[in-house]
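> need a 3D model of the sequence below.
(2 chains)
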Number of protein chains: 2
Amino acid sequence: MSGPVAEFGASAAAAQTLGTLGERALVSWLRPRLPTRPDVLVGAGDDCAVVAGPRPGEELVLKSDPIAEGRHFAPGADPRLVGRKALGRVLSDFASMGAEPRWALVDFAAPAQTPADFARGALEGLSELALRFGVAVVGGDTSEAPVAQLHVFAAGVAPSGQAMLRSAARPGDAVFVTGEFGRSYESGRHFSFEPRLREGTWLRRRGVRCCIDVSDGLACEAWHVADESRVRIELRASDIPLSELCAAMPDSLRHALGDGEDFELLFTARPDVAAGLEDSFAAEFPGVRCTRIGQVAASEDNGLVVMDGAELPRSGYEHFSA
Amino acid sequence: MSGPVAEFGASAAAAQTLGTLGERALVSWLRPRLPTRPDVLVGAGDDCAVVAGPRPGEELVLKSDPIAEGRHFAPGADPRLVGRKALGRVLSDFASMGAEPRWALVDFAAPAQTPADFARGALEGLSELALRFGVAVVGGDTSEAPVAQLHVFAAGVAPSGQAMLRSAARPGDAVFVTGEFGRSYESGRHFSFEPRLREGTWLRRRGVRCCIDVSDGLACEAWHVADESRVRIELRASDIPLSELCAAMPDSLRHALGDGEDFELLFTARPDVAAGLEDSFAAEFPGVRCTRIGQVAASEDNGLVVMDGAELPRSGYEHFSA
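Okay, the predicted model is just below:
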């Protein structure tokens, strides 16, 4: 092993900071070291964890995700939208598993001088979305912190062996996305997005086995699927659906691939499942696009994502800038 | 309704901050507003949430809890102890329910200039405790934040209808505590404590129905039980077990009642369950004290805690200071 991951475990690590190490190296180091149990079916590394235990035929699905001021929302943002987004991000992960979220816990932390209305608004926005998708908020914690933040944890269920995984793409699959991409911040969509829970469940029932939600950028998420499935994903630039605002602004493809926070689903489907899928989807979800953007091929070694024949940077960014 | 809770909902709230409002008022406001579901058996307000859903005879138990630098540990603290404490606090809550924790998620956040060794140490300390109690770490998130913090979420199980609750104290019960109290910070016990998981399970099996873990201070936790059970709890000052360090320092009773972070169990038991309990406990857990410190009586209205006949302040503090 070489590079930052190996260094993290070595004696040189003492001088290293989290900033120089980077999140990816940290996560690579810790994932194989996490304690596990025989009933853990999907541990760290997918959108949600999946564990056995509930009634036969059902698995338990678990997920946590934080949002913080300055990173996921700007100071002065509407607190209702902040609360909505905090839960929405987690529900989007459940959508990508085809799972049903049922119970949530919320840790809310903020500076003492935060207006009380901020907390009230955030919890109202969160609760409104929870109610709409049948999720109960069963606990949590409030505390003081230098910046406002919400950590949402949720538990739910999925039918045994059917949760859609990042690792389940197979050569021959077609690659699809729901919705449109790019300029999520500028359009306000990073706040107003609808978690694709109904779409995710519908795709799982139809036989889709590989899915991920697009929070970090379409290119980055395609790489996650390629890495975890050890396949080659071939995308066509002209097929990437652009949001209206993104299409009207410069560098539209770069933003569609790299911006992130679209909270749409990227999934792959076997040829028999893919046949007619876009039409059936359109009939079921009239307001939501479903677009075929590429296919899955075998990879000789590790995962790989190419677009129009050239390797796609993970950020979807450098490639198209400058 | 009057006081800060009512004001929080009124138009005057606009001028109010979280600091002037206080955590108790915020929680009182939001608890009745949280969305629920028919399968939520115990929502916000107890040590853990309890929901139906898993196999018949079993309930699902959920808990989240954050720890942050400057609040739960000092800058420069041993990261292994920090990680251990982050999980230990949550396991202590499972102990107080008599529940078995199984799966945990960890959100880790810290400034970019944090030494990488801090993250490594914290996750190692956490994992070591997890392994010892059979808990799998199945996911989480790493991110940047102004101060180091860990948010731990855990899910586990308890036999149907047997989880020990704050609301289950009844007149005639005897009141007990495990362990000793006071000066938890000075003794390092706030880091080195053993979650009373085995003791909690044993107490539940023996028929104990009401239990809470002592994180906020013995007086405060006794008030939680009195409030939630609507009973009068009568404590005897001379029976409160003091830690060695606490007994050797000034104001020992004040510190035993108010310091908190003892992570011991406070529980009540019916006369038939209480009979011989201290002896059986001593035989089962030779290194751990179990002490009867009072009894439960009927309350005419709301909960009340008295010590040697006088009302005990919630903080256990003012009463004994000055």
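> OK, now which residue of the stretch 101-250 of chain A is nearest to chain B?
Taking Cβ to the nearest Cβ, chain B has its nearest neighbour within the stretch 101-250 of chain A at A:A112, 3.1 Å off. Backbone N, C-alpha and C define where each C-beta goes, glycine included.
> tell me the domain boundaries of chain A?
A:1-33, A:37-159, A:166-320 (automatic domain parsing).
> which parts of the stretch 1-150 of chain A are helices?
Taking DSSP state H, counting those that start in this stretch as the criterion, the stretch 1-150 of chain A carries its helices at A:4-9, A:18-21, A:23-30, A:79-97, A:116-132.
> what residues of the second one count as buried?
So the one you mean is helix A:18-21. A:18, A:21 (16 or more other Cβ atoms under 10 Å in any protein chain shown).
> from the chain's centroid, how far away is that helix?
Its chain's C-alpha centre and that of helix A:18-21 lie 23 Å apart, by Cα atoms, centre = their mean, to the nearest Å.
> mind giving me the packing neighbours of that helix?
With contacts defined as 3 or more Cβ pairs under 8 Å, 6 or more residues apart in numbering or on different chains; DSSP states H and E, the secondary structure elements packing on helix A:18-21 are helix A:4-9, helix B:116-132.
> show me which residues of the last one are buried.
Neighbour-count burial for helix B:116-132 flags B:116-123, B:125-127, B:129-130 (criterion: 16+ other Cβ under 10 Å).
> what bridges to the most centrally placed residue in chain A?
By Cα atoms, centre = their mean, the mean C-alpha position of chain A lies nearest to A:D213, the distance being 3.6 Å. On the basis of DSSP bridges, A:D213 is bridged to A:L265.
> do the same with A:I233
Under the criterion used (DSSP bridges), A:I233 bridges to A:V296, A:V305.
> and stretch A:84-92, anywhere near chain B?
No. Judged by Cβ under 8 Å from any Cβ of the partner chain, stretch A:84-92 makes no contact with chain B; its nearest approach is 10.2 Å.
> on that earlier part again, can you list the buried residues of helix B:116-132 in CSV and add distance to B:T291?
As requested, those are arranged in CSV below (distance: Cβ to Cβ, whole Å):
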residue, distance to B:T291
B:A116, 44
B:D117, 41
B:F118, 38
B:A119, 40
B:R120, 40
B:G121, 35
B:A122, 34
B:L123, 36
B:G125, 30
B:L126, 31
B:S127, 33
B:L129, 26
B:A130, 30
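> near chain A too, which of the residues you listed?
Among the buried residues of helix B:116-132, the residues that sit close to chain A (Cβ under 8 Å from any Cβ) are B:116-120, B:123, B:127, B:130.
> and those residues, which is closest to A:D47?
Taking Cβ to Cβ as the measure, A:D47 lies nearest B:L123 of those, at 20.9 Å.
> next, count neighbours for the nearest residue to the closest one once chain neighbours are set aside.
Nearest residue to B:L123, sequence neighbours excluded (Cβ to Cβ, 6 or more residues apart in numbering or on different chains): A:L30, at 5.3 Å. Applying other Cβ atoms under 10 Å in any protein chain shown, we find 21 residues neighbouring A:L30.
> cool, and A:A155?
31.
> and it, what does it touch?
Applying Cβ atoms under 8 Å, 6 or more residues apart in numbering or on different chains to A:A155 gives the contacts A:60-62, A:101-104, B:51, B:60, B:62, B:155.
> which of those residues fall in strands?
Using DSSP state E, the members of these that fall within strands are A:60-62, A:101-104, B:51, B:60, B:62, B:155.
> could you list the low-pLDDT ranges of chain A?
Residues of chain A that meet the criterion pLDDT under 70 lie in A:1-15, A:53-54, A:317-322.
> circling back: verify the contact between the residue of the stretch 101-250 of chain A closest to chain B and A:E144 for me.
Yes. Using Cβ atoms under 8 Å, A:A112 is in contact with A:E144, at 5.7 Å.
> which residues do these two both contact?
When Cβ under 8 Å, 6+ apart defines a contact, the residues bordering A:A112 and A:E144 alike are B:L18.
> more crowded one of those two?
Set side by side, A:A112 and A:E144 show more neighbours around A:E144, with 15 against 12, by other Cβ under 10 Å.
> quick check, the more buried one in contact with A:D107.
No. Because the distance of 12.0 Å does not satisfy Cβ under 8 Å, A:E144 is recorded as not touching A:D107.
> what's the nearest residue to the residue of the stretch 101-250 of chain A closest to chain B if we skip its chain neighbours?
The spatially closest residue to A:A112, leaving aside those adjacent along the chain, is B:G19, at 3.1 Å (Cβ to Cβ, 6+ apart).
> how about A:S143?
Closest residue to A:S143 in three dimensions, ignoring its sequence neighbours and counting by Cβ to Cβ, 6+ apart: A:A109, at 4.7 Å.
> count of neighbours near that neighbour?
For A:A109, the number of neighbouring residues by other Cβ under 10 Å comes to 25.
> and it, what does it touch?
With contacts defined as Cβ under 8 Å, 6+ apart, the neighbours of A:A109 are A:142-145, A:148-151, B:66, B:68.
> partners of it in the sheet?
Note on A:A109: beta-bridge partners by DSSP bridges are A:S143, A:Q149.
> with just CA atoms, put stretch A:211-229 into PDB.
What follows is stretch A:211-229, C-alpha atoms only, in PDB (Å, rounded to 0.1, in the frame of the first residue of the first chain):
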ATOM      1  CA  CYS A 211     -28.800   2.500  -7.000                       C
ATOM      2  CA  ILE A 212     -27.100   5.500  -5.300                       C
ATOM      3  CA  ASP A 213     -28.400   9.000  -4.600                       C
ATOM      4  CA  VAL A 214     -26.600  12.000  -6.100                       C
ATOM      5  CA  SER A 215     -25.400  14.200  -3.200                       C
ATOM      6  CA  ASP A 216     -21.700  14.600  -4.000                       C
ATOM      7  CA  GLY A 217     -22.000  15.100  -7.800                       C
ATOM      8  CA  LEU A 218     -23.100  12.800 -10.600                       C
ATOM      9  CA  ALA A 219     -19.500  12.000 -11.600                       C
ATOM     10  CA  CYS A 220     -18.400  11.200  -8.100                       C
ATOM     11  CA  GLU A 221     -21.400   9.000  -7.500                       C
ATOM     12  CA  ALA A 222     -20.900   7.100 -10.800                       C
ATOM     13  CA  TRP A 223     -17.300   6.500  -9.500                       C
ATOM     14  CA  HIS A 224     -18.700   5.100  -6.200                       C
ATOM     15  CA  VAL A 225     -20.800   2.600  -8.100                       C
ATOM     16  CA  ALA A 226     -17.900   1.700 -10.500                       C
ATOM     17  CA  ASP A 227     -15.500   1.200  -7.500                       C
ATOM     18  CA  GLU A 228     -17.900  -0.800  -5.300                       C
ATOM     19  CA  SER A 229     -19.100  -3.000  -8.200                       C
END
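> right, I'll call it a day here.
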